[in-house]
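*Asks:* Got a predicted model here, sequence first, then my questions.
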Amino acid sequence: MPEIQQNIIDDLANVTTESWRTFRIMAEMVEAMDTLNSLKSPCVSIFGSARTAPDAPAYQEAERMARQLVEHGYGIITGGGPGIMEAANKGATEAGGVSVGLHIFLPHEQDCNAYLTTRCNFRYFFTRKFMFVKYSMAYVVMPGGMGTIDELSEAFVLAQTGRSRPFPIILYDSTYWSGLLEWLRRTMVGEGYIKAEELDRLITVCDTPEEVVSTLCKLVIL
């Protein structure tokens, strides 16, 4: 069946068969793993909005957080784009640390930021998300949109179901996340779809870069 007819669009300029798509997926994964296997530092993934301006407090805090994490021996992984991602990569690079961007090609989205020491390119979200989980010791989830929520949900489900090793998931900025957490406890927990202890065990909320660094240094032993 021509690729152009699929619900998940890969590249409308190339009409190929589904079998050839699988080879492209394999090649993308092999190339990314070959690149990321060479990382010299255990890494923390920092997620957040691509739309955050450089003069926004969240941008400056992400930059400071990444710098402090590098100073404590961690590398930084982001999606490689602008906003929070750029801030985290900037802080990591300027501190002399590992600064990884897992960049995905989108029809109306950003190019990579200029602060990467290592870059991987992706066509597929699911291969990209696999690399985040495989090569991260922890997730820091800063304010963002649906892409940020997607990464948070992926990490939570993997940890909840035991399909990945336990790793810290930190929500940054209690004011931003309080509405979601309140809904999870009131509605999901209240109706029995998740357990309160799962939230307590898997999610930590922090409000300053220093609190994030302190929390990770306690939970992730290098």
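*Replies:* Now that the structure is in, tell me what you want to look at.
*Asks:* what does the lowest-mean-pLDDT helix or strand in the chain rub up against?
*Replies:* Every helix and strand in the chain was compared by mean pLDDT, DSSP states H and E; the lowest is helix 18-36, with a mean of 90. Residues outside helix 18-36 that contact it (CB atoms under 8 Å, 6 or more residues apart in numbering): 1, 3, 10, 100, 102, 118, 120, 122-124, 127, 130-131, 134-135. Just so you know, the C-beta spots here come from the backbone N, C-alpha and C atoms, and that holds for glycine as well.
*Asks:* Quick check: buried residues in that helix?
*Replies:* By 16 or more other CB atoms under 10 Å, the buried positions in helix 18-36 come out as 21, 24-25, 28-29, 32-33, 35-36.
*Asks:* ok, back up a step: mind checking which of the contacts of helix 18-36 are in strands?
*Replies:* Among the contacts of helix 18-36, DSSP state E puts 100, 102, 118, 120, 122 in strands.
*Asks:* hey, what's the residue nearest the centre of the chain bridged with?
*Replies:* Per CA atoms, centre = their mean, the C-alpha nearest to the average position across the chain is that of Phe47, at 4.4 Å. Counting by DSSP bridges, Phe47 is bridged to Val141.
*Asks:* my guess is it contacts Thr78, does it?
*Replies:* Yes - using CB atoms under 8 Å, Phe47 makes contact with Thr78 at a distance of 7.3 Å.
*Asks:* Identify the contacts common to the two.
*Replies:* Here Phe47 and Thr78 share the contacting residues 84-85, scored by CB under 8 Å, 6+ apart.
*Asks:* tally of neighbours for Met85?
*Replies:* Number of residues near Met85 (other CB atoms under 10 Å) recorded here: 31.
*Asks:* ok, now which ones touch the closest residue to it other than its chain neighbours?
*Replies:* Leaving out its chain neighbours, the residue that sits closest to Met85 by CB to CB, 6 or more residues apart in numbering is Thr78, at 3.9 Å. The neighbours of Thr78, taking CB under 8 Å, 6+ apart as the test, are 45-47, 84-86, 88-89, 100-102.
*Asks:* Which among those count as buried?
*Replies:* Here, 16+ other CB under 10 Å leaves 45-47, 84-86, 88-89, 100-102 buried among these.
*Asks:* Just put those in a markdown table and tack on distance to Trp183 and pLDDT.
*Replies:* A markdown table is the format used below for the buried ones among the contacts of Thr78 (distance: CB to CB, whole Å; pLDDT from 0 to 100):
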| residue | distance to Trp183 | pLDDT |
| --- | --- | --- |
| Ser45 | 24 | 97 |
| Ile46 | 24 | 98 |
| Phe47 | 20 | 97 |
| Ile84 | 23 | 98 |
| Met85 | 26 | 97 |
| Glu86 | 30 | 98 |
| Ala88 | 27 | 98 |
| Asn89 | 32 | 98 |
| Val100 | 32 | 98 |
| Gly101 | 32 | 97 |
| Leu102 | 29 | 97 |
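*Asks:* re the thing from before, could you dump the contacts of Thr78 to TSV with distance to Glu210?
*Replies:* Shown next, in TSV, are the contacts of Thr78 (distance: CB to CB, whole Å):
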residue	distance to Glu210
Ser45	19
Ile46	15
Phe47	19
Ile84	18
Met85	21
Glu86	21
Ala88	16
Asn89	20
Val100	23
Gly101	25
Leu102	26
